[in-house]
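Asks: Take a look and give me a structure for this.
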Amino acid sequence: MAVLILLLIPILGYLTFYWLRSIINEELSDFEMSAEEFCSKEFAELWANAGMPKSQLTAACAEIEPVFWLGDASLYSGIASVIFLVLVVLLSRIAGNNRERLAGTFSFLVPFSLLFISASTIVQGGIFTYSLYALQVNLMEAWFPVVTLGVGLGALIVAVYVINSAFSIKRQVTMSQMAINADKENYADLWKFIEAIAEKIGAPVPNNIAIGLEPTFYATSANVKVLSSDANLTGETLYISLPLMRLFTKDEFGAVVGHELGHFKGSDVAYTMKFAPLYRALSTAVDKTANEARVMSIPALAVLSFLLDRFSLAEKEISRQREFEADKVGANAVSSEALCAALIKVTAFSNLWNDLMYDVVENLEYGRPVNNLSSLYASRVAFDTDADAAGKVVRENLDFKIPHPTDTHPTLSERLDNLGGHDDHSYLQMGLLEDSSLTLIHGAIDLEKELSLVQQKLYQALGVAQYETKKPDDAEVSYGVARLIQTAAAVMVCADGRVEPSEIAEAEEKGMKMVSHFNSLEFREACLNPQALPNVADLSKTIKEVFNQQHITLMVELLSNIAAADGHVSSEEEKFIKQLSG
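Replies: Prediction:
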């Protein structure tokens, strides 16, 4: 298909040339000569010897010569296009699934292809423009300059987009990440843990560790711009996620770190840094050309897509193999079971982060920022799911590919099969882990709060959240009432020393029905920090001072429902209910 589209304009141009030459030859038939002979040097000498004005012959040939240029341009453009497409096919076959050959081939082919396509677009734009002009003049005896010249201008615009992609290729990529640079002095335990994993699997220790909120892990050799430094992080950087560390045991975290360091060990990151800028430049050229609704964008887009498709299959296969190999390294770092558990958790709970961010933005619009995005994310895992629910989600997402900033990952099912995973997920440690991998980071909670504040300010600065635009006029009163009810519900949930998902669900469902401004995120943050909650006696006294007897009765009903939600009312829960009822 790409061949046909790329040859369409040269063929049209050559047919137009053949038709115009036939018309000229017919006009010269009385002189028994062709257009080529009429404009030849020999005939020019005969013309001059006959004493004919040279200007007449020059003027006549000036009208004929563009026709021959059209023929030559069409012919050579078609030949060059065929040679180019054959070259792409041959090089793609030579590169195969070998990443060194693929990166080497791409380093030459992508810049060359973008320059060729840009030049070809200009040439074919000229062919099409002149053909359109000739057809109008000879068939319609009219010329529509806006339409005709518009085609030529369109070709020039498309060519500029394509060639700009070629010149925008950067060998050294710089990426921005909302994270801090974990120095060895303040994050000694984390560095020791990662160094031990690196030593065990025989991988190099990363030059930098970046810690952020985004729920992903990756290794990169790109320059990384982080929050805590004016200078970019250079060399090899390992990014780790605070929210995911809350979900991982230390073994699971170690397996994931082993996987990422496995990319360093296998020189995968170096390959990616060679290949990714070229692949991105080609993809950008495709996107920009596709957005140009112009006639001349069609052949350029066809060739760019053909080029991208020829190598995308090889790239995906290489990426799959790299991930499988890195998975095996991660499994060797700890165990296959630990890495399987980590992969399942990331997959099962991947959408919870985006859902949480949606609620956070809405909270900001109501003027109710939260304190710790990471702990709220963990609460959604702990309070909204269990092992059975996670297993169901995993089964529904076996074809899910974990997002990654530079690579295309295999599906979860393929990775589990590669690791010898099984369908029994009862071994998963769910909920809020007492000894999660987050304990490796000294001052983790303060860091989470700091990054959460930056994240919310960023949402406001970017206009993602319009701060306080939904805040009601009576916010001081309505929010105060809602927060008192939220606090009472949190005290009841935490009364027996356990935070049960069933009680959380009951409190949120009934609380939202009881008061319009009951806020789930604030309520959960209260449940996650029981040490900051007031005691039962003080809270009961405050409630009685604020609410009338009818509202207190409703409050007692709410708290009773929360206490009974887990099927058992503890003595501590009974005490709170009696204290408020008395």
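
Asks: Give me the contact list for stretch 528-546.
Replies: Identification of contacts with stretch 528-546 by CB atoms under 8 Å, 6 or more residues apart in numbering yields 372, 375-376, 379, 432, 481, 484, 487-488, 490-491, 494-495, 499, 526, 552, 555, 575-576, 579-580. Yep, even glycine has a C-beta here, placed from its N, CA and C like the rest.

Asks: mind redoing it with 7 Å?
Replies: The contact list for stretch 528-546 (CB atoms under 7 Å, 6 or more residues apart in numbering) reads 375, 379, 484, 487-488, 490-491, 494, 526, 552, 555, 575-576, 579-580.

Asks: Any quick PyMOL command for the buried ones out of the residues you listed?
Replies: Buried residues among these (16 or more other CB atoms under 10 Å), as a PyMOL selection:
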select buried, resi 375+379+484+487+488+490+491+494+526+552+555+576+579+580
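
Asks: right, and out of the contacts of stretch 528-546, which lies closest to residue 337?
Replies: Comparing the contacts of stretch 528-546 against residue 337 with CB to CB places residue 379 closest, at 25.6 Å.

Asks: list the contacts for the closest one?
Replies: Counting by CB under 7 Å, 6+ apart, residue 379 touches 524, 528.

Asks: For residue 136, see how far away it is.
Replies: Computed as CB to CB, to the nearest Å, the residue 379 to residue 136 distance reads 70 Å.

Asks: How about residue 519?
Replies: For residue 519, the distance to residue 136 equals 68 Å [CB to CB].

Asks: returning to what we had before: which pair in the contacts of stretch 528-546 has the greatest spatial separation?
Replies: Among the contacts of stretch 528-546, 375 and 552 lie farthest apart (CB to CB), at 31.4 Å.

Asks: worst-scoring helix or strand of this protein, pLDDT-wise?
Replies: helix 268-290 (a mean of 59; mean pLDDT, DSSP states H and E).

Asks: what about residue 94, how many residues close to it?
Replies: Using other CB atoms under 10 Å, residue 94 is surrounded by 12 other residues.

Asks: ok, then the element right after the helix or strand harbouring it?
Replies: Assessed by DSSP states H and E, residue 94 sits inside helix 54-95. Beyond helix 54-95 in the direction of the C-terminus, DSSP H and E gives the next helix or strand as helix 99-135.

Asks: pLDDT of that next one, averaged?
Replies: Average pLDDT, helix 99-135: 76.

Asks: need the contact list for residue 442.
Replies: By CB under 7 Å, 6+ apart, the contact list for residue 442 reads 186, 187, 189.

Asks: hmm, which of those residues are the buried ones?
Replies: The buried subset of the contacts of residue 442 (16+ other CB under 10 Å) comprises residue 187.

Asks: follow-up on the earlier one: with neighbour numbers in mind, choose between residue 519 and residue 136.
Replies: Comparing residue 519 with residue 136 by other CB under 10 Å, the one with more neighbours is residue 519, at 23 against 16.

Asks: Which pLDDT does the model give that one?
Replies: What the model reports for residue 519 is a pLDDT of 96.

Asks: Report the separation between it and residue 467.
Replies: Using CB to CB, residue 519 is found at 16 Å from residue 467.

Asks: Can you report how many residues lie near residue 28?
Replies: 16.

Asks: Excluding chain neighbours, what is closest to it?
Replies: residue 38 (5.7 Å; CB to CB, 6 or more residues apart in numbering).

Asks: which phi and psi does the one you found have?
Replies: Residue 38 has phi and psi values of phi -60, psi -40 when expressed as degrees, to the nearest 10.

Asks: isn't it right next to residue 29, touching?
Replies: No: checked against CB atoms under 7 Å, the pair residue 38 and residue 29 is beyond contact range at 11.3 Å.

Asks: And those two? Which one has more around it.
Replies: Taking other CB under 10 Å, residue 38 and residue 29 do not tie; residue 38 has more neighbours (19 against 10).

Asks: and the more buried one, what pLDDT?
Replies: According to the prediction, residue 38 has pLDDT 76.

Asks: Quick check: it vs residue 65, distance?
Replies: 11 Å.

Asks: ok, so what distance separates residue 30 from residue 38?
Replies: 12 Å.

Asks: list residues touching both of the two?
Replies: Joint contacts of residue 30 and residue 38 (CB under 7 Å, 6+ apart) do not exist.

Asks: picking that back up, include secondary structure, pLDDT and distance to residue 132 when you put the contacts of residue 442 into CSV, please.
Replies: Output for the contacts of residue 442, formatted as CSV (DSSP: H, G, I helix; E, B strand; the rest coil; pLDDT from 0 to 100; distance: CB to CB, whole Å):
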residue, secondary structure, pLDDT, distance to residue 132
186, coil, 93, 68
187, coil, 96, 66
189, helix, 96, 72
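
Asks: Return the closest of the contacts of residue 442 with respect to residue 304.
Replies: So of the contacts of residue 442, ranked by how close each gets to residue 304 (CB to CB), first place is residue 187, at 44.8 Å.

Asks: Tell me the backbone dihedrals of the residue lying closest to residue 412 once chain neighbours are set aside, please.
Replies: Distances taken as CB to CB, 6+ apart place residue 347 nearest to residue 412, at 4.9 Å, with adjacent residues excluded. As for residue 347, its main-chain torsions (degrees, to the nearest 10) stand at phi -70, psi -50.

Asks: neighbours of residue 347, just the number please.
Replies: 23.

Asks: Next: residue 359.
Replies: 15.

Asks: Then residue 76?
Replies: Using other CB under 10 Å: residue 76 sits among 12 other residues.

Asks: if I look at it, how far off is residue 85?
Replies: Applying CB to CB to residue 76 and residue 85 gives a distance of 15 Å.

Asks: so where's the stretch 401-550 of the chain uncertain?
Replies: For the stretch 401-550 of the chain, residues meeting the criterion pLDDT under 70 lie at 401-409, 421-431.

Asks: where's residue 362 relative to residue 508, distance?
Replies: Taking CB to CB, one finds residue 362 at 15 Å from residue 508.

Asks: for residue 126, same thing?
Replies: Applying CB to CB, the value for residue 126 to residue 508 is 67 Å.

Asks: Do a quick rundown of the strands in the protein.
Replies: 174-176, 179-181, 208-212, 218-220, 223-225, 237-241 (DSSP state E).

Asks: would CSV of these with distance to residue 329 and mean pLDDT be doable?
Replies: Converted to CSV, the strands of the chain look like this (distance: least, CB to CB, whole Å; pLDDT from 0 to 100):
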stretch, distance to residue 329, mean pLDDT
strand 174-176, 24, 81
strand 179-181, 24, 94
strand 208-212, 18, 95
strand 218-220, 11, 85
strand 223-225, 22, 88
strand 237-241, 14, 94
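
Asks: and residue 48, which of those is closest to it?
Replies: strand 174-176 (66.7 Å).

Asks: starting at the chain centroid, how far to the closest one?
Replies: 13 Å (CA atoms, centre = their mean, to the nearest Å).

Asks: Quick check: phi and psi at residue 214.
Replies: phi -60, psi 130.

Asks: residue contacts, it?
Replies: Contacts of residue 214 by CB under 7 Å, 6+ apart are 178, 241.

Asks: again, only using 10 Å
Replies: 177-179, 239, 241-244, 353, 403, 405, 451, 455 (CB atoms under 10 Å, 6 or more residues apart in numbering).

Asks: before we move on, what about residue 233?
Replies: 174-175, 177, 179, 181, 206-210, 220, 222-226, 239.

Asks: burial count for residue 113?
Replies: With neighbours defined by other CB under 10 Å, the count for residue 113 comes to 25.

Asks: ok, and the closest non-adjacent residue to it?
Replies: Per CB to CB, 6+ apart, closest to residue 113 is residue 307, 5.6 Å.

Asks: wait, the one you found sits on residue 111?
Replies: No: here residue 307 does not reach residue 111: they are 11.9 Å apart, not a contact under CB atoms under 10 Å.

Asks: Quick one: the helices in the stretch 251-400 of the chain, in order.
Replies: Using DSSP state H, counting those that start in this stretch, the helices of the stretch 251-400 of the chain run over 268-290, 297-333, 336-348, 350-365, 373-384, 387-396.
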